[in-house]
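Asks: Fold the following, please.
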Amino acid sequence: MYQFFVEPGQININDKRVIIMGRDVNHIRNVLRMKIGEEFNVSNGQDGREYRCGIAAFEEESVVCELRFIKEDQVELPVKITLFQGLPKGDKMELIIQKAVELGVTEIVPVAMKRCVTRLDAKKEASRIARWQAIAEAAAKQSKRGVIPRVSGVMTFCEAVKQSSDMDVRFVPYELAEDMAHTRELFGALKPGQRIAVFIGPEGGFDEGEIDLARENGVEPITLGRRILRTETAGFTVLAWIGYLMES
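Replies: Modelled structure (predicted):
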């Protein structure tokens with residue numbers, strides 16, 4: 001079943017009406033060629049609820065829908081995960097955002113680290129963030145998420161560590177870290193309701209000074225196994241492990 005995101009004000013629970021506006025109108029009418037009475041799901045991207053709607057009328061710039069029922073959130077993970085991702089080369093960030101959203105991430109923070117090849121000036125950053133946010137929204141639609149994960153502005157590593165200071169659990173997968181038993185112990189201690197920070201390095205990995213800064217501020221270095229994972233693989237691995245533990 002198709003899913004669309006709307007602003008909270010477009011959902012009127014009392015009148016049992018949902019108004020679709022913007023580019024989704026053309027998509028519903030001319031691309032999907034949906035008819036009166038056909039159903040789809042709507043989310044406001046904030047409360048995690050699924051609003052089931054049926055098309056009541058097509059107007060010039062909107063689709064008027066009947067609100068048929070509301071389903072409480074059963075899609076979102078019981079933890080909130082922020083992915084602090086070292087800026088990768090090329091368009092890898094698009095894949096990372098897409099898959100991280102599918103795996104349940106709450107927020108993605110691009111981080112400019114010492115070994116990052118990609119550098120964004122203010123103009124490039126604004127356009128990239130807008131594109132990345134659109135990719136996050138599309139991935140949220142595809143995976144039937146109840147919220148749209150936020151893609152924040154680019155931070156330095158120091159800013160990212162500080163930003164994570166009030167989170168409950170903080171991991172940094174590091175290629176020189178050892179002791180998988182310790183990793184299992186940390187993941188096994190995760191609990192619903194926690195806020196989790198995951199730091200992933202760029203292609204060149206973390207600078208030793210960054211790992212020292214992380215340790216000094218309570219960010220726990222962990223190993224993901226004996227093999228060296230690519231930057232786009234490491235984050236997916238952590239998110240998949242957390243999802244498995246929280247939903248099993």
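Asks: Would you mark the buried spots in the one helix or strand Ile135 maps to?
Replies: Here Ile135 is covered by helix 122-142, with elements defined by DSSP states H and E. For helix 122-142, a neighbour-count test (16 or more other CB atoms under 10 Å) marks Arg128, Ile129, Trp132, Gln133, Ile135, Ala136, Glu137, Ala139, Ala140, Lys141 as buried. Where you see a C-beta, it was placed from the backbone N, CA and C, and this is true even at glycine.
Asks: what residues go with each domain of this structure?
Replies: Domains of the chain are assigned by automatic domain parsing as 3-71, 80-247.
Asks: Looking at the buried residues of helix 122-142, which is nearest Asn30?
Replies: Looking at those and their distance to Asn30, the nearest is Lys141, at 17.8 Å (CB to CB).
Asks: thought that closest one was touching Gln3?
Replies: Yes - with contact defined as CB atoms under 8 Å, Lys141 reaches Gln3; the gap is 5.2 Å.
Asks: returning to what we had before: I'd like the buried residues of helix 122-142 as TSV, with distance to Met167 and pLDDT appended.
Replies: Output for these, formatted as TSV (distance: CB to CB, whole Å; pLDDT from 0 to 100):
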residue	distance to Met167	pLDDT
Arg128	25	93
Ile129	22	94
Trp132	22	96
Gln133	22	96
Ile135	24	96
Ala136	20	96
Glu137	24	92
Ala139	23	94
Ala140	22	91
Lys141	27	87
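Asks: Now distance to Met246 too, for the residues you listed, in JSON lines please.
Replies: What follows is these, written out as JSON lines (distance: CB to CB, whole Å):
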{"residue": "Arg128", "distance to Met246": "30"}
{"residue": "Ile129", "distance to Met246": "28"}
{"residue": "Trp132", "distance to Met246": "25"}
{"residue": "Gln133", "distance to Met246": "25"}
{"residue": "Ile135", "distance to Met246": "24"}
{"residue": "Ala136", "distance to Met246": "20"}
{"residue": "Glu137", "distance to Met246": "23"}
{"residue": "Ala139", "distance to Met246": "19"}
{"residue": "Ala140", "distance to Met246": "18"}
{"residue": "Lys141", "distance to Met246": "22"}
